[in-house]
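1. Okay, sequence plus prediction incoming.
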Amino acid sequence: MQAERSNMTLVDVSNRKPRSLSQLWESSSKLVLLLPAILVVLVLSIFPLIVSLFLSFTRIQLVRGGFNVTFLGLGNYQKLLAGTEQRHFLGKLGEPSLAQWALLAAFLAVMLWMLTQYARSPGWRIFGLVMRTLAIALAVGLFALTVFTLAEGGLPGTLVVTLIFVFTGVFFQYLIGLGLALLVTQNLRGKRFFRVVFLMPMMITPVGIGFLFRMMVDTGKGPFAPVWNFLGLQSISWVDTPSGARAAVMIGDIWQWTPFMFIILLAALEGTSREQIEAALVDGANRWKMFRYIILPQIAPVSITVILIRIIEGFKIIDMAQILTGGGPGTATESMTLYAYNAWRTQDFGVSSAIGYILLFIVTFIAMVIVNIIRPRVVERL
Amino acid sequence: MLTRFFKAPNPFDPSPGTKMFSYLILGFWSFVVIFPFYWLLVTAFKLPVDVSSGPKYIPFVDYQPSLHAFQELLWESGNLVTRPYTNTVIVGLNSAICAVVLGAMAAYALIRFDYRPKPGLVVTFIGCVVLSIGLIALGVAWQIAVLVAIAVFLLLAQTIGKRFKGTMGNNDIFFWLVSQRMLPPVAVIIPIYILFQRFGLLNTHAALIITYTAINIPIAVWFLRDYFQAIPLELEESAFIDGASRWQVLTRIVLPLAVPGLIATFLIVLVFTWNEYTLGLFLSGADTQTMPPFVSAQNATRGPQWWNISVLVLLMVAPLIGLAIALERYITKGILVGAVKG
């Protein structure tokens, strides 16, 4: 990057004094090229963010000829996190089994171990330690909430449902996408065919996929009805049980977004250096070693970026759940975005904005952890 | 014959066993991908009775295909379907082109120029943008609001702009742009709605085009930055030595070389806008409704009519798949993720 910068000054003519019209263009091109994009994004992000923040502190009531704004302070947030909407948003805690307690303890132990590792490393700083402690506290909090609400007698709220959708979905999308990309990079006949076919699910609108999978999981008249009949399950509907409904939404999501992972990882794999792989083949490295020590380190940065993008996009899931299950049964498949949309529909703009803000906070937090903590570690270690 | 015999085997050719295994897995996933498409296709040609009487798989064998659903939606319903469809085409193409053009400009600028904005200046600038939008939202004429904001910016830039120390670099700008993708639509949709209402843009194509352009610029910049980075700098340098201007270098050297990247980015951005649901639902009225909200509304009226929904989804996805097949060689060449930089 540094070397590139010094090269750049060679062609950077923007500092010369303008003498003619073409030179004026020359000198202003630096700003003319960048500013339009910045301005469009800025106008549609900064201002709405500020207004939304304000809205999340208020209650708006539509009245004849306008609206009444009542300032509530943190009232909407309190309602979601501790008040009447708590059960809907966070869920109801259950009694975890022994295995679930063990899982929780293991997660906590791993997190604390990572923290001590950092504190012992020579490059540690107070700021880094404080940020990591906060990150771990929040991660453990979200994980504990997930375990407790999924336990016996518990009821997961929209926050937990969204987290399950995002992380399960991204996990499978990455694994399947990487596996397919690895297979397609081989010298096989019909590579082009697989490339185009594997890309196809990305082209359907999520609304369409919602309908499509509603047909697919129909145990009575769907294409797999004979299978359900054979298993004696024809009268059971997927979308009537919480876990079945969640599975249906996640399968739809995985089906749609595996192509995105696939195409990016394929590009990354085809960009890996062939000399190294050839050298390793001559040395007689086996498949696993080749993948682990030569291919994986080269695609790790891209992998992190594409996982980050899918996590960010995954949190916005609404259409699939709305069409496929309508958020039901109960609120078993209601994502945060769908919850906010429902609040907006009932003209509860304050709560809707508050949900949006909590979502933004969680997404930003996860993205920052990935960019600042996980990414450097993974790139350095592999 | 002899040369073939003596030629060393290509180390990248998989062994027969691996080949079998690969084809098995790839074939299985192809089935997983294609079967729902197949089901969509056969359902589109079914009569209501063929759907309700249980699964029918093969046209002409299990049931007699009919154009009933196509006829009902395309010929007998007036512009019920054609209107949202034209809206989707207009909005999708326009915003994809805008996002790719603006994204390409920004991506190129972030690669080739050195930006060192002062934080104070950035804060002032953002403050003035907010000020002007706020004034417009309050009902001030936009010409006045923009003039006021520029005046305030010029005044403050001299004082606050130079106060803060430290500089930001190209990477900060890049990360800020990409991070804008993090905003969940629900967090910003109500103010955007109010904003477009004030501008009188509500229920117009422009509102959707502007919004979709803004949400897709980050993706375009992310893809194209890697692509421009791969274009050798020497080419541009030699052109500058020969006396070419920045504009000539851009249009004659950089853009022609970047065509695969531009096409791949265009296709991905087009897919995103074409299929976008949430913002389309909030921002479009009866005249500008796009296809996704329209398809979703099919559910509400008389229960899911699978034959009609299949036709609509098929109509939506057909042009995209056609484009993907036509542009296949650009897609695979056009996505160039810097393997080292990510």
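-> Structure received.
2. number of nearby residues for the residue in the stretch 101-250 of chain B that chain A sits nearest to?
-> Closest to chain A within the stretch 101-250 of chain B is residue B:187: 3.0 Å, counting by CB to the nearest CB. C-betas here are computed from N, CA, C, even on glycine. By other CB atoms under 10 Å in any protein chain shown, the residues close to residue B:187 number 30.
3. if I pick it, what's in contact with it?
-> A:48-49, A:52, A:340, A:353, A:356-357, A:359-360 (CB atoms under 8 Å, 6 or more residues apart in numbering or on different chains).
4. How about residue B:223, nearest residue that isn't a chain neighbour?
-> residue B:265 (4.6 Å; CB to CB, 6 or more residues apart in numbering or on different chains).
5. For that neighbour, give me the backbone phi and psi.
-> phi -60, psi -40 (degrees, to the nearest 10).
6. Just to check, it is in contact with residue B:102?
-> No: applying CB atoms under 8 Å as the test, residue B:265 and residue B:102 come out as separate, 11.6 Å apart.
7. Of those two, which one has the most company?
-> residue B:265 (28 against 25).
8. Could you measure from the more buried one over to residue B:92?
-> Distance of residue B:265 to residue B:92, given as CB to CB, to the nearest Å: 14 Å.
9. element containing the residue of the stretch 101-250 of chain B closest to chain A?
-> Under the criterion of DSSP states H and E, residue B:187 resides in helix B:185-198.
10. Now render the contacts of residue B:187 as CSV, adding secondary structure.
-> Converted to CSV, the contacts of residue B:187 look like this (DSSP: H, G, I helix; E, B strand; the rest coil):
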residue, secondary structure
A:48, helix
A:49, helix
A:52, helix
A:340, helix
A:353, helix
A:356, helix
A:357, helix
A:359, helix
A:360, helix
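11. Would you indicate which residues of the helix holding residue B:187 are buried?
-> Of all the residues in helix B:185-198, those buried under the rule 16 or more other CB atoms under 10 Å in any protein chain shown are B:185-196, B:198.
12. pLDDT value on the residue of the stretch 51-200 of chain A found nearest chain B, please?
-> Proximity of the stretch 51-200 of chain A to chain B (CB to the nearest CB) peaks at residue A:51, 3.6 Å away. On pLDDT, residue A:51 comes in at 83.
13. Let me know the distance separating it from residue B:192.
-> When residue A:51 is compared with residue B:192 (using CB to CB), they lie 9 Å apart.
14. any idea how far residue A:201 is from the closest residue to residue A:191 other than its chain neighbours?
-> Nearest residue to residue A:191 in three dimensions, chain neighbours excluded: residue A:184, at 5.9 Å (CB to CB, 6+ apart). Here the criterion is CB to CB. By it, residue A:184 lies 16 Å from residue A:201.
15. Mind checking which of those two has more residues around it?
-> In this view residue A:184 and residue A:201 are compared by other CB under 10 Å, and residue A:201 has more residues nearby, 24 against 21.
16. Quickly note the distance from the more buried one to residue A:124.
-> From residue A:201 over to residue A:124 (counting by CB to CB), the distance is 45 Å.
17. what's the answer for residue A:118, then?
-> From residue A:118 to residue A:124 the distance is 6 Å (CB to CB).
18. other SSEs contacting the host helix or strand of residue B:261?
-> Per DSSP H and E: residue B:261 is located in helix B:259-275. If contacts are counted by 3 or more CB pairs under 8 Å, 6 or more residues apart in numbering or on different chains; DSSP states H and E, helix B:259-275 sits against helix A:206-216, helix B:82-112, helix B:205-229, helix B:306-326, helix B:328-334.
19. quick one, it and helix B:82-112 angle?
-> 140 degrees (axes from the mean of the first three to the mean of the last three CA atoms, to 10 degrees).
20. Of all the residues in helix B:259-275, which ones are buried?
-> B:260-275.
21. Over to stretch B:274-294?
-> Across stretch B:274-294, burial judged by 16+ other CB under 10 Å covers B:274-284, B:288-294.
22. remind me which residues of the stretch 101-250 of chain A are low pLDDT?
-> A:234-235 (pLDDT under 70).
23. what about the strands in it?
-> Along the stretch 101-250 of chain A, counting by DSSP state E, counting those that start in this stretch, strands occupy A:155-156.
24. before we move on, the earlier item: now the residue of the stretch 51-200 of chain A closest to chain B. Nearest residue, chain neighbours left out?
-> Using CB to CB, 6+ apart, the closest residue to residue A:51 is residue B:191 (3.6 Å).
25. wait, doesn't the one you found sit right on residue A:55?
-> Yes: counting by CB under 8 Å, residue B:191 touches residue A:55, with 7.5 Å between them.
26. domain ranges for chain B?
-> B:39-78, B:82-115+B:200-334 (automatic domain parsing).
27. quick one: residue B:264 from residue B:331, how far?
-> 5 Å.
28. Show me the residue at the heart of chain B, geometrically.
-> The residue lying closest to the centre of chain B (CA atoms, centre = their mean) is residue B:269, at 1.7 Å.
29. ok, now chain A?
-> By CA atoms, centre = their mean, the mean C-alpha position of chain A lies nearest to residue A:311, the distance being 1.2 Å.
30. Residue B:125 versus that one, what's the distance?
-> 30 Å.
31. Report the buried residues of stretch A:100-112.
-> Neighbour counts over stretch A:100-112 (16+ other CB under 10 Å) mark A:100, A:104, A:111 as buried.
32. Can I get these in JSON lines including distance to chain B?
-> Conversion of those to JSON lines gives the following (distance: CB to the nearest CB, whole Å):
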{"residue": "A:100", "distance to chain B": "30"}
{"residue": "A:104", "distance to chain B": "28"}
{"residue": "A:111", "distance to chain B": "24"}
